[in-house]
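Undergrad: Based on what follows, work out the 3D shape:
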Amino acid sequence: MRTLHLHLLALSLIAPLTAQDPTEARVDPVALAAHYAAVEAELRAAPPPADAIVAARRTQAIDLLRDYRLRGVFGRSQQATGARMPLFVDADGRRCAVAFLLDRTGREGLTLDIAHRCNGAWVVELTGENELTAWLAEHGLTAAEAARIQAPYVPSTPPPPPPRERPPVPEYKPQDANYEEPDARPQPSTPRPAASPPPMPGAGAVAKGGSSTRGIALAELQDSSWMQWWGWNRDHFEAPQARAVPEGATAATPIRTTAEQALVSLSVSSNSAERAAALQALGRMGAAPELLRKSLEDPSREVRFAALLGLGSAGSPAHTHTLISQTRNQPDEEALSIALTGLAMTPGGSLARTIGASVEPSLGDGRLEVFAAAAMASGPLDTPELRAKTMASLRTGKSPLQRAIAAHSLGASADDETVAALTIAAGERSVDVRRSAALALGRSHHALALPALQTAYELEHDQLTRAMLLLAIGDHGGLAAKDFLGTELAGGSKAIRGFAALALGLWGRARADESVAAPIQKALAAERNRDQRGAYLLALGMLRHGGSRDLLIGELGTGSTSATRGAAASALGMLGDVTTMAALTRCLREDSCPAVRSQAARSMTGLGQAAIETLRTAMREELNSEVRSAAAFALGGIAEPSVAVDLVELASDEAAPAAVRAGAALGLGRHFRQHDPRLPDLRFQQNYTVLPALVAWAFRQEL
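TA: Prediction:
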């Protein structure tokens, strides 16, 4: 992202001149005035109340908001915290917009009462105020509209820059002597950051020392940083086909027995990548705990971690008890982090209390790696005790990274109190906390989360944070999000238009509304930044928009970058239209970039039986090992019993490269899985920029 990169560079260069952190939550008076203008337009466009008297009061309130904006006398504070904070009444008596409306409609007493009791409260924190609720009803305003009206104060002086917390991200090197370097291959137009997880589940080495590093280095994000978002979230959209066997049941067939035997043999291979893949696959199949337990002492870290993840993936009480035992008095923080990741996959049920008791101590752990894994694992359990502890970390965590990780673990099932806490966090000085809080607000789908996201976007200066805010708005799915995102798609800056398209794709997918396909297509036709085009294509795929079929096929064949063609392949797979098979087959055979061919293979899972022969051929004859591995993995996701024979044959072939045998093993695990993947949905719309690298690797697996 040349634009984003240069933008951030420019900000870093001017920081010494302004004595500000370029990523702090500044409040620009010009942006504030634009916010009030946008809110006024939204309020006027909304249908008026049926009651004529209430409708007249509503019009009066909107006119008063216009007066407030034109006067331009916004609240100010001498406290230079670098965070976005509201004030009902500032030290000089200036009112916020909501207080101004109260005063001018005869409720100055309510203004002063709120200012006396909770002057720095957001409207979302005041939803239980009976007098305020009654005033809103009298004036035909909803709590969400009041939250949309409110904005933070303008600081009178800029705060001093904070100490930099981000450590450099080293390039990871495998630790095992028998690790095989992946095949050299041309890279997409944007190189993958050194710290990002491997492209194929379980196929990469695990980095040592993850607690001091981050999942993706901000400094290494480029113009097509939508690729990082897609790489983190793709398994949420590229799921395997429905299982032929009910969840939790075991298909006692000869081929399954043969597959398990082949994986057991591979689990004692001399190659650590093959052993690790076999153990993950055995876990997915629900193999006996003993087969996984014995590998917990393997000399390879990668293999030990795969065994722990396999125990979590299996998910039976016996496997879960074995995994819990690995969290007790565990001196190795890396092993503890992976064991907690395994517990995130367990279904809970009758063991929920036991699992919660195993996770809870680590929510107070000062080691970021352990805390991050525990916070991610606590989300699915959603017990009051775990949520309270995570909320405490959000509010009082010792470091911004700890607060950020706590924030992004609180989005699901968020109640009023949680949304209030996340709204405050979305205005924090730390850019990491703001991003995580934004994504969590989107995940919450809470009515009062959307106005907080819209206002935060209007006032935000950091480009990547703005991108995440757009994605959060799309994920939220509120009706007001559609027009808001459409405006940004049509007139937003070059750096974020692609994210606006992705956000509209998320919005339309959740609501089964294809009407947003037309503006995405129109914006794509007008887009001149070739690095952004792939984001538009993915958005059309998310919508499953059949009318975009020919457009996507055209981009698959003629896209000028590997990223664009790979995105087109992904989008075609999401359509699930077998008539695209010829185009994907041609891409798999002829595209010059192995990364694109790999993506074409992966996307064929969505086409089912029509893709089997093409994938079989690629799995056997393709020259690039990564593409062969992708074909095997894709084949394993197709619900056709005969594919297991091909995968067993390849996994047992000692002449095949390690990456290919590992891909076949993972394909077998996918094919005979005990339950559908849980980690892809758990990590969906999480802030991948703050996770320690080891935790990012673990949660990146398709388990």
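Undergrad: Tell me the first helix or strand C-terminal of the longest helix anywhere in the chain.
TA: Secondary structure of the chain per DSSP state H: the longest helix is helix 52-71. Downstream of helix 52-71, the next assigned helix or strand under DSSP states H and E is strand 76-77.
Undergrad: That next one packs against which elements?
TA: The contact analysis (3 or more Cβ pairs under 8 Å, 6 or more residues apart in numbering; DSSP states H and E) places strand 76-77 against strand 154-155. Placement of C-beta: from N, CA and C, glycine included.
Undergrad: Return the alpha-carbon coordinates of the next helix-or-strand element following the strand it packs on using CSV.
TA: Next helix or strand after strand 154-155 toward the C-terminus (DSSP H and E): helix 226-237. Extracted in CSV, the C-alpha atoms of helix 226-237 (Å, rounded to 0.1, in the frame of the first residue of the first chain):
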residue,chain,number,x,y,z
TRP,A,226,-6.7,-6.3,2.4
MET,A,227,-4.6,-9.4,1.7
GLN,A,228,-3.7,-9.6,5.3
TRP,A,229,-7.3,-9.4,6.3
TRP,A,230,-8.3,-12.0,3.8
GLY,A,231,-5.4,-14.3,4.8
TRP,A,232,-6.6,-14.1,8.4
ASN,A,233,-10.3,-14.6,7.7
ARG,A,234,-10.4,-16.7,4.5
ASP,A,235,-11.2,-20.0,6.2
HIS,A,236,-14.4,-18.5,7.5
PHE,A,237,-15.6,-18.3,3.9
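Undergrad: Quick check: what element follows helix 226-237 along the chain?
TA: helix 254-266.
Undergrad: Okay, now the unreliable bits of the stretch 551-700 of the chain?
TA: Nowhere does the stretch 551-700 of the chain drop to pLDDT under 70.
Undergrad: looking only at pLDDT, what's the mean for the longest helix of the chain?
TA: In this model, helix 52-71 has a mean pLDDT of 97.
Undergrad: Same question for stretch 387-401.
TA: The average pLDDT within stretch 387-401 is 93.
Undergrad: And for stretch 429-441?
TA: Per-residue pLDDT over stretch 429-441 has a mean of 96.
Undergrad: and it, how far from the chain's centre?
TA: Between the centre of stretch 429-441 and the centre of its host chain there is 12 Å, according to Cα atoms, centre = their mean, to the nearest Å.
Undergrad: Repeat that for stretch 463-478.
TA: 10 Å.
Undergrad: related to what we said a few turns ago, what are the buried residues along the longest helix of the chain?
TA: Across helix 52-71, burial judged by 16 or more other Cβ atoms under 10 Å covers 54, 57-58, 61-62, 64-65, 68-69.
Undergrad: possible to save these as JSON lines with distance to V433?
TA: Below are the buried residues of helix 52-71 laid out as JSON lines (distance: Cβ to Cβ, whole Å):
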{"residue": "V54", "distance to V433": "39"}
{"residue": "R57", "distance to V433": "38"}
{"residue": "R58", "distance to V433": "35"}
{"residue": "A61", "distance to V433": "33"}
{"residue": "I62", "distance to V433": "33"}
{"residue": "L64", "distance to V433": "34"}
{"residue": "L65", "distance to V433": "30"}
{"residue": "Y68", "distance to V433": "29"}
{"residue": "R69", "distance to V433": "29"}
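Undergrad: hmm, which two among those residues are most spread apart?
TA: Within the buried residues of helix 52-71, two members stand farthest from each other by Cβ to Cβ: V54 and R69, at 23.1 Å.
Undergrad: quick one: low-confidence parts of the protein?
TA: Flagging of the chain using pLDDT under 70 yields the residue ranges 1-22, 156-224, 244-252.
Undergrad: Do I have it right that N529 meets I496?
TA: No: counting by Cβ atoms under 8 Å, N529 stays clear of I496, with 11.1 Å between them.
Undergrad: Pick out whichever of those two has more residues nearby.
TA: Higher neighbour count among N529 and I496: I496, with 26 against 15, using other Cβ atoms under 10 Å.
Undergrad: Quick one: residues contacting that one.
TA: 463, 466-467, 470, 488 (Cβ atoms under 8 Å, 6 or more residues apart in numbering).
Undergrad: Would you check how far apart the closest residue to A425 other than its chain neighbours and H675 are?
TA: Leaving out its chain neighbours, the residue that sits closest to A425 by Cβ to Cβ, 6 or more residues apart in numbering is A437, at 3.7 Å. Distance of A437 to H675, given as Cβ to Cβ, to the nearest Å: 31 Å.
Undergrad: Between the two, which is the more surrounded one?
TA: Legend: neighbour count by other Cβ under 10 Å for A437 and H675, higher for A437 (35 against 18).
Undergrad: So what's the gap between the helix or strand harbouring that one and the chain middle?
TA: Per DSSP H and E, A437 falls inside helix 431-444. When C-alpha coordinates are averaged (Cα atoms, centre = their mean), helix 431-444 and its chain have centres 10 Å apart.
Undergrad: Follow the chain on from that helix and name the next helix or strand.
TA: Next in sequence after helix 431-444, counting helices and strands by DSSP H and E, comes helix 449-459.
Undergrad: what residues does that next one touch?
TA: Outside helix 449-459, the residues touching it (Cβ under 8 Å, 6+ apart) are 25-28, 31-32, 34-35, 38, 84, 122, 124, 144-145, 147-148, 150-152, 414, 419, 422-423, 426-427, 434, 438, 441-442, 466, 469-470, 472-473, 476, 478, 480-481, 484.
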